[in-house]
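**Q** Next input, structure requested:
(2 chains)
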Amino acid sequence: MTSTLTARKQRSDLPEARRSDVLTFRQRLNRLDVKASPYLYIAPFFILFGLIGLFPLAYTFVVSINDWNLLTGPGEWVGLANYAAEMVDPFFWKSLFNTMSIFLLSAIPQLIAATFFAAILDQNIRAKTFWRMSVLLPYVVTPVAVTLIFSSAFDEKYGLINNVLTAFHIDPVAWKTDVFPSHIAIASMVNWRWTGYNALILLAAMQAVPRDVHESASLDGAGSLRRFFSITLPSIRPTMIFVIITATIGGLQIFTEPKLFNATSATPGGPQRQYQTTVLYLWDMAFNRQNFGKASAIAWLLFLLIVIIGVLNFLISKRIATTEAKVSRRRASKRLAAYEADRALGAGSTSTLPAAPAADDAKRES
Amino acid sequence: MSAIATKQAPAATTHSRAPRRRSMGIDRRPGWFTYAVLIVIFVGGAYPLWWSYIAGSSPSSVLSAQWPPILPGSLFWKNVAEVLDTVPFWLALGNSIIVSSVITVSVVFFSTLAGYSFAKLKFRGREGLMVFVIGTLAVPTQLGIIPLFMLMKQFGWTGTLGAVIVPTLVTAFGVFFMRQYLLDVIPDELIEAARMDGASMLSTFWHVGVPAARPAMAILALFTFMTAWTDYLWPLLVVPQNPTLQVALSQLQSAKYVDYSIVLAGAVMATIPLLVLFVLAGKQLVSGIMAGAVKG
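**A** You can find the predicted model right below:
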């Protein structure tokens, strides 16, 4: 025991240059271990991810510049002809319109509702865990089950929703035939499943706001509504951006809900493709019409769209954040100046309390 | 150790302020409005499930009733039998359990290994590779289905569970999540100490890294399992004849005429396993989502 200890001590005391001369086999092994292990540990991830994630995506591009059929395999090299064909295909544009429409109908109401739910949960309520779990309940219902449940509720003849509408003497809505109602129906499935999940993410962000900030504002006389708009909302903005970006990546790839919304339609996405999203169009092109070349071009166009929207999202939210920071910094310095002037005037009666939040604000915003 | 001490310090100060804060009214118990909203949210989340149980336990004529009934009927088991006749429910359930479990074990293992390396080991190119991982977080790998499908066909894997499992063996999110967690949770001194005691790199990972990573591994496992369980597009493509639960469920309504009481009985049956999971691990799901938000 002592011998190994001293041996190791000696080894570490040796200067770098001399050490390599006296390396034993074990030391060499140890050195290799230190050098190689980090790479060995990350290698499985990179190899597998390359094979199952990146290679297929890259190969999709190869397929897209060929005339490629599901059954006959690769045909001629056609350059960007598949892309050109899709760019003038009305079905492609229709699918993009449907995707964007369903995405906006789900993302915007969902974000507003999730923020509201989070604000409700962010109070000092009783049985916190129970209520937090209860907003998450829809999340454990799988998208397939959600779609089956909602597509029965939105059935045009015997659906729960039209039944209730008729009971109130409102005309039934053609949920599965008309464009806009079908988009609302599909968006409502997404909203039902994901609002609670996003509410919990936003709740976590709200709870990370230091209590002192609320405290100071409260002392300043800000009510809970005022505090929500002036403190809570600005401080959860990074998390909101995170939620929006994840919602964008997921929302632009929506598949299950429109696929199963109307089982009696032979064309996926409705007889007139009223709610055929782009991924569904891709699916139809690849596996029903068996045109892999065009389907791959669709995949790449959608990929580019997702990247562009993601980057735009990021830039816009960054721009908003910086301008807002500038404005609030200006505001804070004004307030600070006013306060200093006040004190300089010798308004000794002013209590020291309001000063604390002002200074606090300035520090936070700078 | 010092890191832990500094972390506790601010917590202690806020704690001592607690009584003062209460008097200022920002921690007041909310009024009835809050609870009314919470109840509405709860009913909105639970009602579609309850209603599918009602419809799944009644004859299909119940769907044309003007006002939906409040109480379930008595035909649930009859409809369940019908579901079992229409689709291979037990096979699908077994397939889903196998697929989701294998994917979960693989994702958690490889993510912990790579996450540990990124968080705690020093090597050349670490920053660059991590940026690459973060960049791929946003890549929609689902769009690579066409070459993946061709590969599976080429290998003759279509129809086997391997075809479902292989494309999700690792995720960039898993690596990112484990790295973020391990970054602050293991003090570097602990790893150095283990190395000083003569532990090899692997045994340091196993005896220091893995025990520290356990809470995050549990959360990652839960979410990976959920994601694998709910996946529909890819299994529908490669194993329509040897279905996972989601594929089998969707096949319930693939007929010309859709009998919703049977479809909804199936939806209830397929939701029960996850409801059980929710009751057992709902708390962990909640804290997992909330923890991921702060880290991410």
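
**Q** Run a quick neighbour tally on residue A:74.
**A** By the criterion of other Cβ atoms under 10 Å in any protein chain shown, residue A:74 has 14 neighbours. For every residue, glycine as well, the C-beta is placed using N, CA and C.

**Q** repeat for residue B:168
**A** Counted with other Cβ under 10 Å, the burial measure for residue B:168 works out to 23 neighbours.

**Q** just checking, it touches residue B:102?
**A** No - counting by Cβ atoms under 8 Å, residue B:168 does not reach residue B:102; the two are 9.6 Å apart.

**Q** which ones are touching the residue of the stretch 101-250 of chain B found nearest chain A?
**A** In the stretch 101-250 of chain B, the residue that lies nearest chain A is residue B:144 (3.0 Å; Cβ to the nearest Cβ). The contact partners of residue B:144, by Cβ atoms under 8 Å, 6 or more residues apart in numbering or on different chains, come to A:53, A:55-57, A:59-60, A:299.

**Q** Could you rerun that using 10 Å?
**A** If you count contacts by Cβ atoms under 10 Å, 6 or more residues apart in numbering or on different chains, residue B:144 has them with A:52-60, A:296, A:299, A:303, B:167.

**Q** want to try JSON lines for the residues you listed, with neighbour count and distance to residue A:247 as columns?
**A** Formatted as JSON lines, the contacts of residue B:144 follow (neighbours: other Cβ atoms under 10 Å in any protein chain shown; distance: Cβ to Cβ, whole Å):
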{"residue": "A:52", "neighbour count": "18", "distance to residue A:247": "25"}
{"residue": "A:53", "neighbour count": "21", "distance to residue A:247": "21"}
{"residue": "A:54", "neighbour count": "15", "distance to residue A:247": "24"}
{"residue": "A:55", "neighbour count": "15", "distance to residue A:247": "28"}
{"residue": "A:56", "neighbour count": "23", "distance to residue A:247": "24"}
{"residue": "A:57", "neighbour count": "21", "distance to residue A:247": "21"}
{"residue": "A:58", "neighbour count": "12", "distance to residue A:247": "26"}
{"residue": "A:59", "neighbour count": "17", "distance to residue A:247": "28"}
{"residue": "A:60", "neighbour count": "23", "distance to residue A:247": "24"}
{"residue": "A:296", "neighbour count": "29", "distance to residue A:247": "26"}
{"residue": "A:299", "neighbour count": "28", "distance to residue A:247": "21"}
{"residue": "A:303", "neighbour count": "20", "distance to residue A:247": "17"}
{"residue": "B:167", "neighbour count": "24", "distance to residue A:247": "23"}
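
**Q** Can you redo the residues you listed as a markdown table, where the extra columns are pLDDT and secondary structure?
**A** Written out in a markdown table, the entries for these read as follows (pLDDT from 0 to 100; DSSP: H, G, I helix; E, B strand; the rest coil):
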| residue | pLDDT | secondary structure |
| --- | --- | --- |
| A:52 | 90 | helix |
| A:53 | 88 | helix |
| A:54 | 90 | helix |
| A:55 | 92 | helix |
| A:56 | 92 | helix |
| A:57 | 91 | helix |
| A:58 | 91 | helix |
| A:59 | 92 | helix |
| A:60 | 93 | helix |
| A:296 | 94 | helix |
| A:299 | 94 | helix |
| A:303 | 92 | helix |
| B:167 | 92 | helix |
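
**Q** Name the nearest residue to the residue of chain A found nearest chain B, sequence neighbours excluded.
**A** Among the residues of chain A, residue A:56 lies closest to chain B, at 3.0 Å counting by Cβ to the nearest Cβ. Taking Cβ to Cβ, 6 or more residues apart in numbering or on different chains, and ignoring the residues beside it in sequence, residue A:56 has residue B:144 as its nearest neighbour in space, at 3.0 Å.

**Q** Can you report phi and psi for the one you found?
**A** According to degrees, to the nearest 10, the main-chain angles of residue B:144 amount to phi -90, psi 20.

**Q** From residue A:54, how far off is it?
**A** Separation of residue B:144 from residue A:54 (Cβ to Cβ, to the nearest Å): 8 Å.

**Q** now do residue A:32
**A** Applying Cβ to Cβ to residue A:32 and residue A:54 gives a distance of 29 Å.

**Q** Then residue B:128?
**A** Following Cβ to Cβ, the distance that separates residue B:128 from residue A:54 is 16 Å.

**Q** Compute the number of surrounding residues for residue A:159.
**A** Other residues close to residue A:159 by other Cβ under 10 Å number 23.

**Q** Contacts only, for it.
**A** The contact partners of residue A:159, by Cβ under 10 Å, 6+ apart, come to A:150-153, A:165, A:172-173, A:175-176, A:185, B:63-64, B:260.

**Q** ok, 7 Å please
**A** Applying Cβ atoms under 7 Å, 6 or more residues apart in numbering or on different chains, one finds that residue A:159 lies in contact with A:152-153.

**Q** Skipping adjacent residues, who's closest to residue A:184 in space?
**A** residue A:105 (6.1 Å).

**Q** how many neighbours does the spatially closest residue to residue A:269 that is not a sequence neighbour have?
**A** The shortest distance from residue A:269 to any residue other than its chain neighbours is 2.5 Å, reached at residue A:276 (Cβ to Cβ, 6+ apart). Residue neighbour count, defined by other Cβ under 10 Å, stands at 24 for residue A:276.

**Q** For residue A:276, which three-state class applies?
**A** coil (DSSP: H, G, I helix; E, B strand; the rest coil).

**Q** okay, it: pLDDT?
**A** At residue A:276, the pLDDT value in this model is 94.

**Q** Surely it is in contact with residue A:265?
**A** No - Residue A:276 lies out of contact with residue A:265 (Cβ atoms under 7 Å); the separation is 9.7 Å.

**Q** Now do the shared contacts for those two.
**A** By Cβ under 7 Å, 6+ apart, no residue touches both residue A:276 and residue A:265.

**Q** before we move on, back to that, verify the stated contact: the residue nearest to residue A:184 with residue A:181.
**A** No - in this structure, residue A:105 sits apart from residue A:181 without contact. The criterion is Cβ under 7 Å, and the distance is 10.9 Å.

**Q** Centre-most residue in the chain?
**A** Picked chain A for this. Among the residues of chain A, residue A:246 comes closest to the average C-alpha position under Cα atoms, centre = their mean, at 1.1 Å.

**Q** not quite, I wanted chain B
**A** Among the residues of chain B, the one closest to the centroid is residue B:223, at 2.2 Å (Cα atoms, centre = their mean).

**Q** Now do the contacts for that one.
**A** Neighbours of residue B:223 in contact, by Cβ under 7 Å, 6+ apart: residue B:288.

**Q** Quick one: mean pLDDT over the helix or strand containing it.
**A** Here residue B:223 sits within helix B:210-230, counting by DSSP states H and E. Regarding helix B:210-230, the rounded mean pLDDT is 92.

**Q** what distance separates it from the middle of the whole chain?
**A** Using Cα atoms, centre = their mean, to the nearest Å, the mean C-alpha position of helix B:210-230 is found 8 Å from that of the whole chain.

**Q** Stretch B:28-39 now?
**A** Between the centre of stretch B:28-39 and the centre of its host chain there is 30 Å, according to Cα atoms, centre = their mean.

**Q** Same check on stretch B:179-189?
**A** Centroid separation for stretch B:179-189 versus its chain: 23 Å, with Cα atoms, centre = their mean.

**Q** mind saving the C-alpha coords of the helix holding residue B:223 as PDB?
**A** Extracted as PDB, the C-alpha positions of helix B:210-230 are listed here (Å, rounded to 0.1, in the frame of the first residue of the first chain):
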ATOM      1  CA  VAL B 210     -23.800   7.100 -12.600                       C
ATOM      2  CA  PRO B 211     -24.900   7.400  -8.900                       C
ATOM      3  CA  ALA B 212     -24.900  11.200  -9.200                       C
ATOM      4  CA  ALA B 213     -26.800  11.000 -12.500                       C
ATOM      5  CA  ARG B 214     -29.600   8.700 -11.200                       C
ATOM      6  CA  PRO B 215     -32.300  11.300 -10.700                       C
ATOM      7  CA  ALA B 216     -31.800  12.800 -14.100                       C
ATOM      8  CA  MET B 217     -31.600   9.300 -15.600                       C
ATOM      9  CA  ALA B 218     -35.000   8.500 -14.100                       C
ATOM     10  CA  ILE B 219     -36.600  11.700 -15.600                       C
ATOM     11  CA  LEU B 220     -35.000  11.000 -19.000                       C
ATOM     12  CA  ALA B 221     -36.200   7.400 -18.900                       C
ATOM     13  CA  LEU B 222     -39.800   8.500 -18.100                       C
ATOM     14  CA  PHE B 223     -39.900  11.000 -21.000                       C
ATOM     15  CA  THR B 224     -38.100   8.700 -23.500                       C
ATOM     16  CA  PHE B 225     -40.600   5.900 -22.700                       C
ATOM     17  CA  MET B 226     -43.500   8.300 -23.200                       C
ATOM     18  CA  THR B 227     -42.200   9.500 -26.500                       C
ATOM     19  CA  ALA B 228     -41.500   6.000 -27.800                       C
ATOM     20  CA  TRP B 229     -44.900   4.800 -26.600                       C
ATOM     21  CA  THR B 230     -46.800   7.600 -28.400                       C
END
